[in-house]
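J.: have a look; sequence and predicted model below, questions after that.
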Amino acid sequence: MSLTRQEVEKIAHLARLAITDQEMPVYVTSLSNIMEFVNALSNAEIGAALPMSHPLEGLRQRLRVDEVTETDHHLKYQANAPSVQSGLYVVPRVIE
């Protein structure tokens with residue numbers, strides 16, 4: 001998929017990038033190459049691929065034991081808050 005100069009100018013505008021006339025051909029080429037690569041990835045046949053937990057066969061990700069290591073201090077912390085309701089901090093409304 002080849003992008004036009006106008007499309008790249010629109011992308012640059014949306015991204016708030018200032019691209020000079022000298023840089024524009026490089027951006028058009030580079031972004032077109034990226035879009036072609038993404039298109040090629042979209043056409044790749046992945047139906048037979050199985051999900052894997054580790055990229056190297058036979059190896060597993062080391063996981064730590066899921067255990068509580070800290071005690072619950074939320075009441076202590078909320079004691080300093082100006083306003084708490086049902087265990088939540090009450091703050092002034094900023095959007096009407």
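T.: Yep, that arrived.
J.: how close does the residue nearest to the spatial centre of the chain sit to G47?
T.: Closest residue to the average C-alpha location of the chain: A15 at 16.2 Å, with Cα atoms, centre = their mean. Applying Cβ to Cβ, to the nearest Å, the value for A15 to G47 is 35 Å. C-beta: built from backbone N, CA, C; applies to glycine.
J.: now swap in E7 and tell me
T.: Taken as Cβ to Cβ, the span from E7 to G47 is 32 Å.
J.: just E57 next, same as before
T.: Between E57 and G47 the computed distance is 20 Å (Cβ to Cβ).
J.: could you do V38 as well?
T.: 19 Å.
J.: and these two? which has more neighbours close in?
T.: Neighbour tally, V38 and G47, criterion other Cβ atoms under 10 Å: the higher count belongs to V38, 10 against 5.
J.: and the helix or strand harbouring that one, C-alpha only, in CSV?
T.: Applying DSSP states H and E as the criterion places V38 in helix 24-42. Provided in CSV are the C-alpha atoms of helix 24-42 (Å, rounded to 0.1, in the frame of the first residue of the first chain):
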residue,chain,number,x,y,z
MET,A,24,8.4,14.7,2.9
PRO,A,25,9.7,12.2,0.3
VAL,A,26,11.5,10.3,3.1
TYR,A,27,8.4,10.1,5.2
VAL,A,28,6.2,9.1,2.2
THR,A,29,8.6,6.2,1.5
SER,A,30,9.1,5.1,5.1
LEU,A,31,5.4,5.2,6.0
SER,A,32,4.5,3.4,2.7
ASN,A,33,7.1,0.6,3.6
ILE,A,34,5.6,0.3,7.1
MET,A,35,2.1,0.0,5.7
GLU,A,36,3.2,-2.7,3.2
PHE,A,37,4.9,-4.6,6.0
VAL,A,38,1.7,-4.5,8.1
ASN,A,39,-0.3,-5.6,5.1
ALA,A,40,2.0,-8.5,4.6
LEU,A,41,1.6,-9.5,8.3
SER,A,42,-2.2,-9.3,7.9
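J.: what pLDDT does the residue of the chain positioned farthest from its centre get?
T.: Most distant from the centre of the chain: A79, at 35.9 Å, with distances by Cα atoms, centre = their mean. For A79, the model assigns a pLDDT of 92.
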